[in-house]
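>>> with the sequence up front, the predicted model follows.
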Amino acid sequence: MREEDILQAEERRVEEAFQRSDIAISVRGLRNSFGDQVIHEGLDLDVRKGEILGVVGGSGTGKSVLMRTIIGLQTPDEGEIQVFNESMIGRSDDEALAVRKRWGVLFQGGALFSTLTVAENVEVPIREYYPNIGPELRDEIAAYKIRMTGLPTEAGPKYPSELSGGMKKRAGLARALALDPDLLFLDEPTAGLDPIGAAAFDEMTRKLQQTLGLTVFLITHDLDTLYSICDRVAVLADRKVTAVGTIDELLATDHPWIQEYFNGPRGRAATAAVSREKDREQTKQAAVSPPDGRR
Amino acid sequence: MNKAADLAEENRDGGNVVRLSGSLAIACLGDLPDRLDAVQGPVSAIDLSQVDHMDTIGAWTIHRAVKRLGCAISGASEDAGRLIHAVGELDEPVPIRPNHVHPLRRVVGQIGEAVCASGTTLMGLLGFFGATLIATWSVIRHPRRFRINAVVQRFEVVGVSALGIIGLMSFLIGIVIAQQGSVQLRQFGMEMLTINLVGRLTFRELGVLMTAIMVAGRSGSAFAAQLGTMKLTEEVDAMRTIGVSPMEALVLPRTLAVVVMMPLLGFYASVMAVIGGGFLCAIALEIPPITFVQRLREVVPITDLWVGLIKAPVFGIIIALSGCFQGMQVKGNAEEVGLRTTAAVVQAIFMVIVIDAFFAVFFTWVGWN
């Protein structure tokens, strides 16, 4: 068997395993520390397939560290991490390649390669992993990925330094989606965006998640994002995941941080915004289709 | 289950049908896009009933084939149809790279840009020099605003910490000059002249020049990087808002430190080079150190020392100014800090050598030769 075939078989095996299981990511007993400072201790977390999981927590509770550990940028002291039912700890980069191809990561600042244009950035993963795809098709794939993330066509030949913060994030997302991943990691996607841009980004994330059947691991501080697109929310506090569930479920717990987070002034404002939105939609529907009796 | 994507052409009642099968995901596509491209029309339909899984890249492959062959799609599952429809809506050409410019035009453009850039840099540097002078004057008028702590701290960073590397470098250079010189002078039987060579060359030129290059590399670059990072994190703006002048708080202490340290370091470097030369003379040429020192005093006029010491603070000003100036020019992103740091060092070394040439002519003209 040629090396390529072995690799392809491995990829297919990973994909099959993923399609069978219900859990995309499973973290057990994770421990992370920097020097004396322990960030995570006995952390457990499951991300279900096809959901958008929001991860929240105060500054310094290790949200980004958790993400970096799952994607293998940081080696934990202890613990077990499985992605698509494949154990990720203690594996060489080569062995984990089949899994790595199945996820896309959007870093906080976009992390675009500054010497390449936006379109070339999107092409990097395709070029790297699938050299069998010809240059013409590759350009076309990059083109529709860019359009998919809502960037204007003029953005393609631009360099990252010429883009605004919001456009950089969209370009970063286009690159993260280049290989049609099953799993998407987003690190504070709406941080630094204006409310309109943030709402648009949320909506796009939701739409892409539905169209492509993605599982999304989303770190955020943005309460509006949590309310509008997250299926479940995981709260990081006291060095572990204190609670996981829908926002309503979380509100039922009596953990002080969770209560303060969702019932603080900003939390209440976000709740109010959601109910206003619902009211507006109901009024709109009522206006569009008046009751039959009035005719 | 997931099989590699495959393609078969069939002749059915209506005409040719391309039947795709297997998994149309990027991992399983293989050479299918090329084979699909090779299919020649007329084709009445592309049959997807055997396809069990599809991602957007597979959907795009089908979309472009449908567009090219002008055929219909049959047997698509609901998901597949939705995906093909979704990518089809995004079909709009996106340029990948910036427009290609004719090489000749590009070269001319780059030359023009470089000329403009060096012009503005020169003017900016002059302006910066003026601003430093103004800051100096205002500090002289209000001595309380003088930041003695900052200056002393810079003395240590620029001067004391550099002693090791500059001493070692000068010592080795002294050895090299003596060794290379003695080889040439031996041909004339004038090995004693090696002492003239080492003494005059180091005090007059090399001691200060090499120190300047080392200080530009160590401190000039550090200044540019420090100030550049402070500009990026808006520390400089914050200072201004609070009412602290960045020129007085950042630029002046650094400039003063380099200006004071350069003559000291230059003298130290010259002495170390002479020691290196003397060391080689003692070992290789068997000139005893006492003879070396005695001869040195005879052949090196005191004006050589003055030449070196007069040049040193001027070089110091150039190094500090170009470092601080480039640092203050940083705006935008972190990449700029690197570019500006490089520019600071290159600019400083270049200008030091240019000014050194002027000094050489000048001192000969005043008769110090």
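Ah, there it is.

>>> just give me the longest helix of chain A.
For chain A, the helix reaching the highest residue count under DSSP state H is reported as helix A:265-288.

>>> in that helix, what's buried?
The neighbour-count check on helix A:265-288 (16 or more other Cβ atoms under 10 Å in any protein chain shown) flags A:G267, A:A270, A:T271, A:V274 as buried. C-beta coordinates here come from the backbone N, C-alpha and C atoms, glycine included.

>>> so where do the strands sit in chain A?
Here chain A has its strands, by DSSP state E, at A:23-34, A:37-48, A:52-57, A:78-83, A:86-87, A:103-106, A:183-187, A:215-219, A:232-237, A:240-245.

>>> direction included, what does the shortest one pair against?
This means strand A:86-87. strand A:78-83 (antiparallel) (DSSP bridges).

>>> immediately after the host helix or strand of B:V215, which helix or strand?
According to DSSP states H and E, B:V215 maps onto helix B:207-215. Along the chain past helix B:207-215, the next helix or strand (assigned with DSSP H and E) turns out to be helix B:221-232.

>>> for that next one, packing partners?
Under the contact criterion of 3 or more Cβ pairs under 8 Å, 6 or more residues apart in numbering or on different chains; DSSP states H and E, the helices and strands touching helix B:221-232 comprise helix B:302-328, helix B:334-365.

>>> so B:E335 versus chain A, what's the distance?
When distance is defined by Cβ to the nearest Cβ, to the nearest Å, B:E335 is 6 Å away from chain A.

>>> test my guess that that residue contacts A:S161.
Yes - the pair B:E335 and A:S161 qualifies as a contact (Cβ atoms under 8 Å) at a distance of 7.5 Å.

>>> dump the residue contacts of B:L206.
If you count contacts by Cβ atoms under 8 Å, 6 or more residues apart in numbering or on different chains, B:L206 has them with B:I173, B:I177, B:S270, B:A273.

>>> so the first one, which state does it fall into?
B:I173 carries the three-state label helix when classified by DSSP: H, G, I helix; E, B strand; the rest coil.

>>> partner residues bridging A:S33?
With DSSP bridges as the rule, A:S33 is bridged to A:V38.

>>> and the gap between it and A:I219?
Spatial separation of A:S33 from A:I219 under the definition Cβ to Cβ, to the nearest Å is 20 Å.

>>> the two: which is more packed in?
For A:S33 versus A:I219, the count of surrounding residues by other Cβ atoms under 10 Å in any protein chain shown is larger for A:I219: 22 against 16.

>>> could I get the contacting residues of the more buried one?
Contact analysis of A:I219 by Cβ under 8 Å, 6+ apart lists A:G54, A:V55, A:V56, A:K63, A:S64, A:M67, A:L186, A:D187, A:E188.

>>> and for the nearest residue to A:L116 once chain neighbours are set aside, the neighbour number?
Using Cβ to Cβ, 6 or more residues apart in numbering or on different chains and skipping the chain neighbours, the partner closest in space to A:L116 is A:V124 (7.0 Å). By the other Cβ under 10 Å criterion, the neighbourhood of A:V124 contains 15 residues.

>>> I'd assumed A:A174 was in contact with A:V124.
No - if you go by Cβ under 8 Å, A:V124 and A:A174 don't touch, sitting 11.1 Å apart.

>>> which residues of the stretch 51-200 of chain A score low on pLDDT?
Confidence mapping of the stretch 51-200 of chain A against pLDDT under 70 gives zero matching residues.

>>> now the helices for it?
Using DSSP state H, counting those that start in this stretch, the helices of the stretch 51-200 of chain A run over A:63-70, A:97-100, A:118-129, A:135-148, A:165-176, A:195-212.

>>> and for the stretch 151-300 of chain B?
Assigned helices in the stretch 151-300 of chain B, in chain order: B:163-186, B:193-201, B:207-215, B:221-232, B:235-242, B:246, B:252-280, B:289-299 (criterion: DSSP H, counting those that start in this stretch).

>>> what sits against the residue in the stretch 151-300 of chain B that chain A sits nearest to?
Among the residues of the stretch 151-300 of chain B, B:L232 lies nearest to chain A; the distance is 13.2 Å by Cβ to the nearest Cβ. Listed by Cβ under 8 Å, 6+ apart, the contact set of B:L232 reads B:V330, B:K331, B:N333, B:A334, B:E336, B:V337.

>>> how about A:V233?
Taking Cβ under 8 Å, 6+ apart as the definition, contacts of A:V233 comprise A:L53, A:G54, A:V55, A:V56, A:L226, A:V244, A:G245, A:T246, A:I247, A:L250.

>>> what pairs with the closest residue to the fifth one other than its chain neighbours across the strands?
Right, A:L226. Among residues not flanking A:L226 along the chain, A:G54 sits closest, at 4.9 Å (Cβ to Cβ, 6+ apart). The residues paired with A:G54 through beta bridges, assigned by DSSP bridges, are A:L218, A:V233.

>>> pretty sure A:G54 contacts A:T225?
Yes - shown here, A:G54 and A:T225 form a contact pair, counting by Cβ under 8 Å, at 6.9 Å.

>>> anything in contact with each of the two?
With contacts taken as Cβ under 8 Å, 6+ apart, the residues that reach both A:G54 and A:T225 are A:L218.

>>> how about the helix or strand that contains B:V107: buried residues?
Assignment of secondary structure by DSSP H and E places B:V107 within helix B:103-141. Residues of helix B:103-141 classed as buried: B:T121, B:L125, B:F128, B:A131, B:T132, B:A135, B:T136, B:V139 (neighbour count, 16+ other Cβ under 10 Å).

>>> quick revisit: next, the angle helix B:163-186 makes with the helix holding B:V215.
In this structure, helix B:207-215 runs at an angle of 140 degrees to helix B:163-186, with axes from the mean of the first three to the mean of the last three Cα atoms, to 10 degrees as the basis.

>>> tell me how many other residues surround residue 254.
You didn't say which chain, so I picked chain A. Here the neighbour count serves as a burial measure; for A:D254 (other Cβ under 10 Å) it reads 7.

>>> let's do chain B instead
Considering only other Cβ under 10 Å, B:R254 is surrounded by 26 other residues.

>>> repeat that for A:T117.
By the criterion of other Cβ under 10 Å, A:T117 has 23 neighbours.

>>> distance of the closest residue in space to it that isn't next to it in sequence relative to A:L151?
Taking Cβ to Cβ, 6+ apart as the measure, A:T117 lies nearest to A:P157, with 5.1 Å between them; neighbours along the chain are not counted. With the distance defined as Cβ to Cβ, A:P157 ends up 12 Å from A:L151.

>>> so what sits against both of the two?
A:V118.
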